[in-house]
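Q: can you look at this prediction? I've put the sequence above it.
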Amino acid sequence: MEERRSLAKLTREQLYELVWSTPVLKLAEQFGISNVAIAKRCRRLAGPRPARGYWVKLEFGKKPSRTPLPPSPEEVAAREAQNPSLGELRLPPEGTSLHPLAEQYLAKLLIAPSGLW
């Protein structure tokens, strides 16, 4: 009897390729799990799945668009950590009243040494 593959052992890229090359119902049968479990795994790994009608379009010779695999949340976080983009602090026009907490924060910010923040 053939040994069932484990969905948990697949990388994000491998799962993406499988989901876009084989209908989820067939994959579920191959893995011995439900199609919902595959959908949950795709969602957990932030991997896009084909939209409804994708396989029908392929069957009729059309070439439906394939959603590219976006960067993983970990890749995005790592990229942002390497290149922090600090926005410019824009103060409201002179004479505009601020929220009391904002006034306290601004007062402390203006007297703090520049290396602290």
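A: Ah, there it is.
Q: count of residues packed around the closest residue to residue 34 other than its chain neighbours?
A: Of all residues not flanking residue 34 in the chain, residue 28 sits nearest, at 5.7 Å (C-beta to C-beta, 6 or more residues apart in numbering). No exception for glycine: its C-beta is placed from N, CA and C like everyone else's. When counting by other C-beta atoms under 10 Å, one arrives at 18 neighbours for residue 28.
Q: residue 28 is in what secondary structure piece?
A: helix 24-31 (DSSP states H and E).
Q: which of the residues in that helix are buried?
A: For helix 24-31, the neighbour count (16 or more other C-beta atoms under 10 Å) marks 24, 27-28, 31 as buried.
Q: against which helices or strands is the helix or strand that that helix is followed by packed?
A: Next in sequence after helix 24-31, counting helices and strands by DSSP H and E, comes helix 35-44. On a contact count with 3 or more C-beta pairs under 8 Å, 6 or more residues apart in numbering; DSSP states H and E, helix 35-44 meets helix 12-21, helix 24-31.
Q: okay, these in JSON lines with distance to residue 38 and mean pLDDT next?
A: Formatted as JSON lines, the helices and strands packed on helix 35-44 follow (distance: least, C-beta to C-beta, whole Å; pLDDT from 0 to 100):
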{"stretch": "helix 12-21", "distance to residue 38": "7", "mean pLDDT": "96"}
{"stretch": "helix 24-31", "distance to residue 38": "5", "mean pLDDT": "94"}
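Q: hmm, back to that, which ones are touching the residue nearest to residue 34?
A: If you count contacts by C-beta atoms under 8 Å, 6 or more residues apart in numbering, residue 28 has them with 34-35, 37-38.
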